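# Structure here, sequence nowhere to be found:
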């Protein structure tokens, strides 16, 4: 027998090979997904395989014990040095001597799946833009002079089929010392854009480099900046960190930052410098904490809203503050990380910014789309990224629409009388007893409810400092359910509600959530103004969703996904009681956590995902809320708590809302309540 | 008649077009080389044409007076504003109404020829990498949101057939203000590498930009840096300037700079910083002098030797100081000028470095090859770029060889007892009367000979300060012709030579060229050591040329071209008397001036030239003198003045060399002289 049948699992690819062919060679010829950094030199051990012996009736083959060549010295050396799982062989060492079935374990696959931690059907196939290659370069020859770079390029062409490389000055200066220190064997990190063009040489190390390559997934929000440091081979997150966006001193929300740029010559430059410095500091700390050298960090993927996008890039955001909200550039950007003053990482590192969908719907929304893939959904899914602006996606595999809605900062605890950002000590969960009308709550940093034993001791360190976004949503919804607030949003008096906690405050009433000194903390109330702020915010969010439903011609959505760091903490029931989101089966309202951050991680791990989201974004239909009369109409109609409850069967199924109506002296509210009751009846 | 015959001259292209077709449209469809920046909007006036009327028997056509539409308001407006030569029309305004012959004057051709000032067959066709385009961009539409950059790209695609553009952050920030200030009409400077890839947006101006685009041709020498500022549309040099290379403080010659880098950690970084700062200063001053704004300077082409090449790029040149003289990179480089700290020009400006031929034969030699085109020569041409290292090219259309030869700095006046660099006050021409043995000379900055009336007054300001490279060559050659020096290079005594000017100096003699106080200046002599230094230098140069002749199998060359700023000043006769260059008909020894600088200018004006020289350099065969035994052999044999004169018929034709022989006391020289005489006889 001069050749043998080789079957690879799990791919099922098969072929006949000459006796003596290394397994790695066979895998390459068949296009089997078997990793190798050293190209078959027995150094990197990435090509581990598990041969199967015995009868394989499924494949119709019988594998003899001597189907592969014997265990050799290279494998023994590797096993002694680093260990090798029993039964494993190195694919570059084991030669095919007879018919054989070879399994490629997941960790030996280049394009292995990275399953997301959160329960989800979505998996990511590793396909990073930057990979490591071990290569042997010809020594220089005076008689045939050529540059070291040109000989490296030639070696990559012949040993790795890489047609062309390019190199910046920052790596050119490392080339000659590395080649000589490695005796003409070097490891190179090559970055390949998913478009046409050459591979880009990012770095070079003498011999076989084992330090790993890392990338940053950065979610650059108006308020916070979060970064994950990921291993570019495995997709594993090796460190995460976040800071407040230092631009906050120029304005809490985006529009005040745009105003700052308009009112202050050079203000945009100042904000650019500030956010870049913050990002650089964050990345430096993250690398130090994860004990990863800055040099090993070769990529960054950044997602952000359009205003942050422009300010990061050094573009005055003034056009985003006025119709027609024109972006300077909307396509994805691939650039040198150094151009963004990311100085703590590899000097040749690359940065990738996801595309923006529209002037109000940024790269963060694109990242949410990448994470949640509405364009592949069989049923109609509504994805809401809740923040100061809400980004809203609605669609299925036929069509996806997007808009943004100016919810304002109320959902983040801002513009709320006792509001604060989500931080230890902030009330995040609220329940109000429908009979006694007394509240109980939980604060961030403590697992106990406020009426449970040990709560006071457990919160001694943090205190009870205020109400965060999810807390205020639950408080208002609970107040509505307990009959303390009527449909129009009015808080009743003590007399009307039957609880002393409804106390006069100016010409309206406020509900006392927490009395000063009751436990450790200040007096916290939900005021009439707070209710109005939440009403405005939730109406905007709801109106945006409705507008997209109108556009797509749907009366109901099949699923709702709440995204955003804050969206992860919203109780679906309370959101529905408030009328934040359209009616949907409660079991079909899920949280995607920080979907924008997840989208950034996916783009970091996969070139194909970058290409995919760029194509998807081009197909997403954008709806501009600011100029759409129906948005205003929906907004006004959505003001009640909940608006038009009679059209929401799911809401009626989960909660009974007391049919109360308060007035503040005049007859307006009573009359309105009366009309509503009549309409309902 | 529904269409008309249109014939363009000088191209002779012809075609039939519908009545009413604008001349510019017809030209474009026929591929006639008719310029237009505004794309037919009647703004730029680049498309001027001259219609011909009457009988054209050559073309067989008769042109009626009404063959073109009448003079229109756009043309009148342009004429009033800027003037228009009588008989000229704007090609975008004049419509074809009948058979017509249309001449495209040179200044309306995009790819017009730029004839070099120096007499030469070489012409350059304008084909700059950066061009200006006027374009109208769609306004943003909220309903179909897209970035301004993406709409600009779309406009360039539809209006100029430019498939794809890319833009750096430095220009992205200018985009939105320019589009709005120009009411969606902008001028853009687009750079296109001659390889594949998109056009790169370098800058943008509102409306029609009339400021012009400029480029720098930089000759970065070890000793001096010269820069020419050129108009990228016409190729015209609008300013030139030069400075000493500030790296000189690290070492006069290249090898001492390489040593400095080897001996001082960080020394290479220091030298990189120094040369970049010098370059930046030079460019800033040049722009100011030419009254060209830095922003309008969008390209730089740089030529230099390999050590300067590496030091400019920030690469340690240590490998260039030892065999095998490996370059870090040898291919041409296209990079951001900013990466070279060229901060005085447009922040998006590009830099192009010509390819290096070998570790000792740099981008400057490539530029000489581009300027002199030996690869297109019908006869065998020797091109010698004389400097501290001589770069030597030999070849014809079949084959071109290259080498470099370590002549040392003697030809630049260094290591010569009374030597100095070429500067006002330096002796540059010398004649010695064969009878009286008295010298006369000229100094730089004065047109008179030293024995002419008014010389003393004319040189009062500069003085007579020393002898520069061309001066020492003439002095030694004249001494040989006057019988003051024998064939072996020995200076005779006063007794032997019959002149008091040959005076003892230590154990040898020196020739008094200028007595202290004779006119204004110090005592200047040519010593025995000076003669030896010149002998070493000329032997190296000659040996390099001979080595290439051996390699190509030629006993004689047809032409010799002396290049280099210094080469321009060498007297061919004196060079041949010295034996610097192989024997060739004196009429066929020409100077190409600063051919490297000319090559840089050509590359600046022409993308096609860049592509061409890259291909040429790949085909040039490199010969490494350092390891070639025959080089040593030729070097030793070439030591005499002139070596083996009997084999040089051309030299024998132009000069009779006295057959003198001096000895310094021993019999060796006498004996040698005797042997030579015998051999000659």
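Yep, it's here. Bear in mind that the values here come from a model prediction, so they are computed numbers and not experimental data. Residues are numbered from 1 along each chain as shown, chains lettered A, B, ... in the order given.
# Show me what the strand or helix carrying residue A:542 is packed against.
Per DSSP states H and E: residue A:542 is located in helix A:528-552. Secondary-structure packing of helix A:528-552 (3 or more CB pairs under 8 Å, 6 or more residues apart in numbering or on different chains; DSSP states H and E): strand A:381-385, strand A:390-396, strand A:399-405, helix A:469-481, strand A:508-514, helix A:629-637. C-betas here are computed from N, CA, C, even on glycine.
# For the helix or strand just after it, which helices and strands make contact with it?
Once helix A:528-552 ends, the next helix or strand along the chain (criterion: DSSP H and E) is strand A:559-563. Judged by 3+ CB pairs under 8 Å, 6+ apart, the packing partners of strand A:559-563 are helix A:363-372, strand A:381-385, helix A:572-578, strand A:589-593, helix A:595-605.
# Repeat the analysis, applying 7 Å as the threshold.
Counting contacts by 3 or more CB pairs under 7 Å, 6 or more residues apart in numbering or on different chains; DSSP states H and E, strand A:559-563 is packed against helix A:363-372, strand A:381-385, strand A:589-593.
# Show me what from the stretch 351-500 of chain A comes close to chain B.
By CB under 7 Å from any CB of the partner chain, the residues of the stretch 351-500 of chain A that approach chain B are A:358-359.
# what about residue A:185, how many residues close to it?
19 (other CB atoms under 10 Å in any protein chain shown).
# and it, what does it touch?
When contacts are counted by CB atoms under 7 Å, 6 or more residues apart in numbering or on different chains, residue A:185 touches A:134, A:136, A:207.
# For residue A:442, state which of those is nearest.
Of all the contacts of residue A:185, residue A:442 sits closest to residue A:134, with 53.8 Å by CB to CB.
# Check the burial of whatever residue of the stretch 501-650 of chain A ends up closest to chain B by counting its neighbours.
Going by CB to the nearest CB, chain B is nearest to residue A:624 of the stretch 501-650 of chain A, at 4.3 Å. A total of 22 residues lie near residue A:624 under the criterion other CB under 10 Å.
# check which helix or strand covers the residue nearest to it when sequence neighbours are not counted.
Leaving aside its chain neighbours, residue A:624 sits nearest to residue B:142 (4.3 Å; criterion: CB to CB, 6 or more residues apart in numbering or on different chains). Residue B:142 is part of no helix or strand when elements are defined by DSSP H and E.
# okay, residue B:142: pLDDT?
At residue B:142, the pLDDT value in this model is 85.
# Just list the residues touching it, thanks.
A:323-325, A:624, A:627.
# Ok, residue A:134 next?
Taking CB under 7 Å, 6+ apart, one finds A:37-39, A:41, A:43-44, A:185, A:187, A:208 in contact with residue A:134.
# Apply 6 Å and report the result again.
Counting by CB atoms under 6 Å, 6 or more residues apart in numbering or on different chains, residue A:134 makes contact with A:37-39, A:187, A:208.
# Surely residue A:351 is in a strand?
Yes. Assessed by DSSP: H, G, I helix; E, B strand; the rest coil, residue A:351 belongs to a strand.
# got the domain boundaries for chain A?
By the assignment in automatic domain parsing, chain A contains the domains A:3-108, A:129-206, A:220-353, A:367-409+A:534-654, A:418-526.
# So what's the model's average confidence on the third one?
Looking back up the chat, that one is domain A:220-353. Here domain A:220-353 scores 93 as its mean pLDDT.
# and that domain, how far from the chain's centre?
Between the centre of domain A:220-353 and the centre of its chain there are 15 Å (CA atoms, centre = their mean, to the nearest Å).
# first to last residue in it, what's the distance?
11 Å (CA to CA, to the nearest Å).
# now do stretch A:357-371
First-to-last residue span, stretch A:357-371, CA to CA: 15 Å.
# Would you reformat the contacts of residue A:134 as CSV and include pLDDT?
Below are the contacts of residue A:134 laid out as CSV (pLDDT from 0 to 100):
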residue, pLDDT
A:37, 83
A:38, 84
A:39, 79
A:187, 97
A:208, 94
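# Can you flag which of the residues you listed belong to strands?
residue A:187 (DSSP state E).
# Neighbour count for the contacts of residue A:134 - can I get that in a markdown table?
Compiled in a markdown table, these are given as follows (neighbours: other CB atoms under 10 Å in any protein chain shown):
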| residue | neighbour count |
| --- | --- |
| A:37 | 21 |
| A:38 | 20 |
| A:39 | 17 |
| A:187 | 24 |
| A:208 | 16 |
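# who's residue A:204 bridged to?
residue A:188 (DSSP bridges).
# show me what contacts it?
Counting by CB under 6 Å, 6+ apart, residue A:204 touches A:174-175, A:178, A:186, A:188.
# Name the member of those residues that has the highest neighbour count.
Among those, the one with the most neighbours (other CB under 10 Å) is residue A:188, at 27 neighbours.
# hmm, back to that, can I get the domains of chain A in JSON lines including distance to residue B:635?
Formatted as JSON lines, those follow (distance: least, CB to CB, whole Å):
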{"stretch": "domain A:3-108", "distance to residue B:635": "46"}
{"stretch": "domain A:129-206", "distance to residue B:635": "18"}
{"stretch": "domain A:220-353", "distance to residue B:635": "45"}
{"stretch": "domain A:367-409+A:534-654", "distance to residue B:635": "57"}
{"stretch": "domain A:418-526", "distance to residue B:635": "80"}
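# Quick check: which ranges of the stretch 51-200 of chain A have low pLDDT?
For the stretch 51-200 of chain A, residues meeting the criterion pLDDT under 70 lie at A:112-122.
# nearest spatial neighbour of the residue most central in space within chain A, skipping sequence neighbours?
The residue lying closest to the centre of chain A (CA atoms, centre = their mean) is residue A:597, at 1.9 Å. Once flanking residues are discounted, residue A:597 sits nearest to residue A:219: 4.2 Å by CB to CB, 6+ apart.
# Can you give me the pLDDT of residue A:390?
pLDDT, read off for residue A:390, is 87.
# Quick check: bridge partners of it?
Beta-bridge partners of residue A:390, as defined by DSSP bridges: residue A:405.
# From residue B:492, how far out is it?
Going from residue A:390 to residue B:492 by CB to CB, to the nearest Å gives 100 Å.
# got the helices and strands packed on helix A:528-552 as a markdown table, with mean neighbour count columns?
As requested, the helices and strands packed on helix A:528-552 are exported to a markdown table (neighbours: other CB under 10 Å):
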| stretch | mean neighbour count |
| --- | --- |
| strand A:381-385 | 28 |
| strand A:390-396 | 27 |
| strand A:399-405 | 24 |
| helix A:469-481 | 28 |
| strand A:508-514 | 23 |
| helix A:629-637 | 15 |
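# And the contacts of residue A:134, which is closest to chain B?
Out of these, the member with the shortest distance to chain B (by CB to the nearest CB) is residue A:187, at 17.9 Å.
# Give me the neighbour count for residue A:211.
Neighbour tally, residue A:211, other CB under 10 Å: 12.
# now do residue A:662
Around residue A:662 there are 24 residues (other CB under 10 Å).
# Residue A:461 now?
Neighbour tally, residue A:461, other CB under 10 Å: 11.
# Against chain B, how distant is it?
Distance from residue A:461 to chain B, counting by CB to the nearest CB, to the nearest Å: 45 Å.
# Looks to me like that residue is in a strand.
No. Looking at residue A:461 with three-state DSSP, it is coil, so not inside a strand.
# hang on, the earlier thing: got TSV for the contacts of residue A:134, with distance to chain B too?
Output for the contacts of residue A:134, formatted as TSV (distance: CB to the nearest CB, whole Å):
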residue	distance to chain B
A:37	24
A:38	24
A:39	23
A:187	18
A:208	22
